[in-house]
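> predicted model follows, preceded by the sequence.
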Amino acid sequence: MSFPRLFPSERLVYRPLSMEDLEVYMAMRHEATYRQWFYFQAPPTLESAAKEIRVMQEKASRKINLLKESFDTGVYLKESGSLIGTVSLNKFHGPEDELEFVEIGFGIGEAYQGNGYATEAAKTAVVWGLDRLRELGAVPVIEGNVEHANWPSRKVLEKAGFRLVRTQKYVTVYEIRSTSSGILGG
């Protein structure tokens, strides 16, 4: 099962960004609420953001293997078609490049925060991601790693069904997993 190029949830549509989204995407990546938690990444330039969009488009044209690569998509309002953010599933590797876990990431533009869009996007990505991991024969588990003080993102994960499993030096770790009887938070 490949990730559809265009699919909906209740209020949102998910598809790869286009070059027409470049300026909005750049603006969101420079917003204070984004920079607060991604201070360790250099803000994107037009060139680097355009490259991210091209990679996202290329991945959308084929089957994504979550055991080897990340999945990223734009999040759009179903009603207006406006880009409001992104959601991703990223692989993390342990020793000798073995898959350690898949982590969810999400970002919603400041003008759209507080409306439950991040939770809706996270739930949608989780359903697809757990199904994809099962299809690949992997343990269907997705983690969310959030800085301790990032309460908005922690609330999103909790509302999306993730369960707090441990705290580490810099992050609080949440987990959601799939079993034969359904999706469980932890």
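In hand now; what should we look at?

> which stretches in this structure count as helices?
Assigned helices in the chain, in chain order: 22-29, 32-35, 46-60, 117-135, 151-159 (criterion: DSSP state H).

> check the model's average confidence along the longest one for me.
Mean pLDDT, helix 117-135: 92.

> other residues contacting that helix?
Residues outside helix 117-135 that contact it (C-beta atoms under 8 Å, 6 or more residues apart in numbering) are 1, 3, 9-12, 14, 64, 66-67, 71, 73, 75, 84-85, 87-89, 102, 104, 106-108, 139-142, 152-153, 156-157, 159-161, 176-178, 183. For glycine as for every other residue, the C-beta is placed from the backbone atoms N, C-alpha and C.

> same thing but 6 Å
Contacts with helix 117-135, where a contact means C-beta atoms under 6 Å, 6 or more residues apart in numbering, come from 9, 12, 66, 75, 87, 89, 106, 108, 140, 142, 156, 159-160, 176, 178.

> do the same with stretch 37-57
Residues contacting stretch 37-57 (C-beta under 6 Å, 6+ apart): P16, L17, L22, Y25, M26, R29, H30, D72, N150.

> now do 10 Å
With contact meaning C-beta atoms under 10 Å, 6 or more residues apart in numbering, stretch 37-57 is reached by 5, 15-23, 25-26, 29-30, 34-35, 69-74, 86, 88, 105, 107, 146-147, 149-150, 152-153.

> so where's the chain shaky on pLDDT?
Within the chain, the ranges that satisfy pLDDT under 70 run 1-7, 92-100, 179-186.

> from Q168, how far off is G109?
29 Å (C-beta to C-beta, to the nearest Å).

> between the helices of the chain, which gets nearest to T172?
helix 151-159 (6.3 Å; C-beta to C-beta).

> tilt between that closest one and helix 117-135?
For helix 151-159 against helix 117-135, the angle by axes from the mean of the first three to the mean of the last three C-alpha atoms, to 10 degrees is 50 degrees.

> how about residues contacting helix 151-159?
By C-beta under 10 Å, 6+ apart, helix 151-159 touches 33, 37, 104-108, 113-114, 116-123, 126, 142-148, 150, 162-164, 172-176, 185.

> whichever of those end up buried, select them in PyMOL.
Buried subset of the contacts of helix 151-159, written as a PyMOL selection, criterion 16 or more other C-beta atoms under 10 Å:
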select buried, resi 104+105+106+107+108+113+117+118+119+120+121+122+123+126+142+143+144+145+146+150+162+164+172+173+174+175+176
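
> give me the subset of the contacts of helix 117-135 lying in strands.
Within those, residues falling in strands by DSSP state E are L12, V75, V87, L89, F106, I108, I142, I176, S178.

> close enough to count as contact, the third one and F71?
What that stands for is V87. Yes. Here V87 reaches F71: they are 8.7 Å apart, a contact under C-beta atoms under 10 Å.
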